[in-house]
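Q: Show me the folded form of this:
(3 chains)
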Amino acid sequence: MLKQTVTYTTCPECESKNLVRDIKMGEIICSLCGLVIQENTVHLGAEWRSFTLQERMSKARTGAPTKYSDHAKGLSTLIRVDRDAFGRPLSPKVKQQMWRLRRWHLRSSFHASRDRNLSDAMNELQRLSEKLHIPSSVQEMASVIYRKALKKDLVRGRSIAAIVAGSLYTACRFTKTARTLREISETSLRHQKEIAAAYRLIVRTLKMKMPIDDPMNYVTKIAEKAKVSSDVEGLAIKIIRSAQSKLATMGKDPSGLAAAALYIASKLKKEKVSQTKLAKAADTTEVTIRNRRKELEKRLNLHELWTARLAST
DNA sequence: ATGGTTTTTACTGCGTC
DNA sequence: GACGCGGTAAAAACCAT
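A: Numbers count the residues shown, from 1 in each chain, chains lettered A, B, ... in the order given. Okay, the predicted model is just below:
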């Protein structure tokens, strides 16, 4: 098979310059639309592929719901401190030595279990990041968040995969990387609710100050997915901005709002984009787009839309 | 647990290509 | 007919209390 040797600087699919070289997978991908531009060398990821959930579950060695509490089971050999092998009481001096030994025993196995937890978690994080094409800097941040969560004992009694997904989502939100909770939960082994709970837990206990989920962050992603011109995209951004100043944006699904803004913009520019397309790109429904559109057109009356249009043409 | 808000699902009629 | 568009009602999901 012939290898493609052309090197790109922009994504041929969406014109984005945001290309990422993924060492592990040995390929170059567009971090916005996820297109794999160049597949070249060694593939260091998982050697198996899976097509159904069941298959994935059975093949995955990393994502198994290993519980933190399992580690107690490895500790069947407790060192006794009060009596010797014949059941006779020990002298205070020996007793003290035994306490020390016991403490080290506990401590070392604790460390071992923590290491295993961490390596499991990092494997899972790697898997998710590959599938979702997460920029490595964001992935790095997710791993830091996970370590902090581990230190705060948040993983005990919960599934590692859920906390990992939660950490990843937190990192995405924090860095304004446009990945929805649903996208993440669909590639994770855990359910969306569980991951959302993990996210809230992480934010709360680590006292992270999160930036609000800005519809603006989704505009470019949706625009490129639905193949909308950058002209329309710019207008959509203006629409959202003025909507935000008019406080018409709170409590609403941000990606739905972004899609509606794009829809209005495309209509104003007579560049027809169907609701269905936008809805699919935004991972929402046509109804939501219609509702947002109605609200937007009501709040920012036609006059403003016209001036916005004039300003951009 | 519950009630209020938002999104989704499913179904409708209308116009156009 | 197929498609896009707009609306509605009811179910489901979400959130604060």
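
Q: would you list every one of the strands in chain A?
A: A:19-22, A:27-30, A:36-39 (DSSP state E).

Q: which intervals of the stretch 151-300 of chain A have sub-threshold pLDDT?
A: Applying pLDDT under 70 to the stretch 151-300 of chain A flags residues A:246-248.

Q: since we're on the closest residue to residue A:180 other than its chain neighbours, how many residues are nearby?
A: Closest residue to residue A:180 apart from its sequence neighbours, by CB to CB, 6 or more residues apart in numbering: residue A:283 at 5.9 Å. In this view, the C-beta of every residue, glycine as well, is placed from N, C-alpha and C. Residue A:283 has 18 neighbouring residues, counting by other CB atoms under 10 Å.

Q: quick one, what contacts residue A:283?
A: Applying CB atoms under 8 Å, 6 or more residues apart in numbering, we find residue A:283 in contact with A:180, A:182, A:183, A:255.

Q: who touches the second one in this structure?
A: So that's residue A:182. Residue A:182 makes contact with A:192, A:283, according to CB under 8 Å, 6+ apart.

Q: picking that back up, want to throw the contacts of residue A:283 into a markdown table with distance to residue A:295?
A: Below are the contacts of residue A:283 laid out as a markdown table (distance: CB to CB, whole Å):
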| residue | distance to residue A:295 |
| --- | --- |
| A:180 | 21 |
| A:182 | 23 |
| A:183 | 25 |
| A:255 | 15 |
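
Q: Give me the neighbour count for the closest residue to residue A:278 other than its chain neighbours.
A: Excluding its sequence neighbours, the residue lying closest to residue A:278 (CB to CB, 6+ apart) is residue A:259, at 4.5 Å. Applying other CB under 10 Å, we find 34 residues neighbouring residue A:259.

Q: Also the one 10 residues further on?
A: Counted by other CB under 10 Å, the residues lying close to residue A:269 total 19.

Q: any idea how far it is from residue A:297?
A: Applying CB to CB, to the nearest Å, the value for residue A:269 to residue A:297 is 16 Å.

Q: what do you get for residue A:244?
A: For residue A:244 relative to residue A:297 (CB to CB), the value is 16 Å.

Q: cool, residue A:125 as well?
A: Distance from residue A:125 to residue A:297, by CB to CB: 43 Å.

Q: Straight-line length of stretch A:147-156, end to end?
A: One end of stretch A:147-156 sits 13 Å from the other (CA to CA, to the nearest Å).

Q: can you pull the contacts of the closest residue in space to residue A:199 that isn't next to it in sequence?
A: Nearest non-adjacent residue to residue A:199, counting by CB to CB, 6+ apart: residue A:166, 4.5 Å away. By CB under 8 Å, 6+ apart, residue A:166 lies in contact with A:149, A:195, A:196, A:197, A:198, A:199, A:201, A:202.

Q: which of those sit farthest apart?
A: Across these, no pair lies farther apart than A:149 and A:196, at 15.0 Å, counting by CB to CB.

Q: Any idea how many residues pack against the residue of chain A found nearest DNA strand B?
A: Nearest residue of chain A to DNA strand B: residue A:253, at 3.2 Å (CB to the nearest atom of the strand). Taking other CB under 10 Å as the criterion, the count of residues near residue A:253 is 18.

Q: For it, which residues are in contact?
A: A:284, A:288.

Q: Now do the same contact list for residue A:201.
A: Going by CB under 8 Å, 6+ apart, residue A:201 touches A:154, A:166.

Q: how far away is the residue nearest to residue A:137 when sequence neighbours are not counted from residue A:168?
A: Take residue A:137 and drop its neighbours on the chain: the residue closest to it by CB to CB, 6+ apart is residue A:175, 7.5 Å away. Separation of residue A:175 from residue A:168 (CB to CB): 11 Å.

Q: Mind checking which of those two has more residues around it?
A: The neighbour count for residue A:175 versus residue A:168, taken as other CB under 10 Å, is higher for residue A:168 (31 against 16).

Q: okay but residue A:252 is in contact with residue A:292, surely?
A: Yes - using CB atoms under 8 Å, residue A:252 makes contact with residue A:292 at a distance of 6.7 Å.

Q: Looking at the two, which one has more neighbours?
A: residue A:292 (25 against 16).

Q: Following the record's annotation, map out the domains of chain A.
A: The record's domain split for chain A, according to automatic domain parsing, is A:1-45, A:53-205, A:216-312.

Q: shaky segments in the stretch 1-150 of chain A?
A: Short version for the stretch 1-150 of chain A, where the test is pLDDT under 70: A:1-111.

Q: redo that, cut-off 90
A: Within the stretch 1-150 of chain A, the segments meeting pLDDT under 90 span A:1-120.

Q: Just the buried positions in stretch A:212-227, please.
A: Buried residues in stretch A:212-227, counted by 16 or more other CB atoms under 10 Å: A:213-226.
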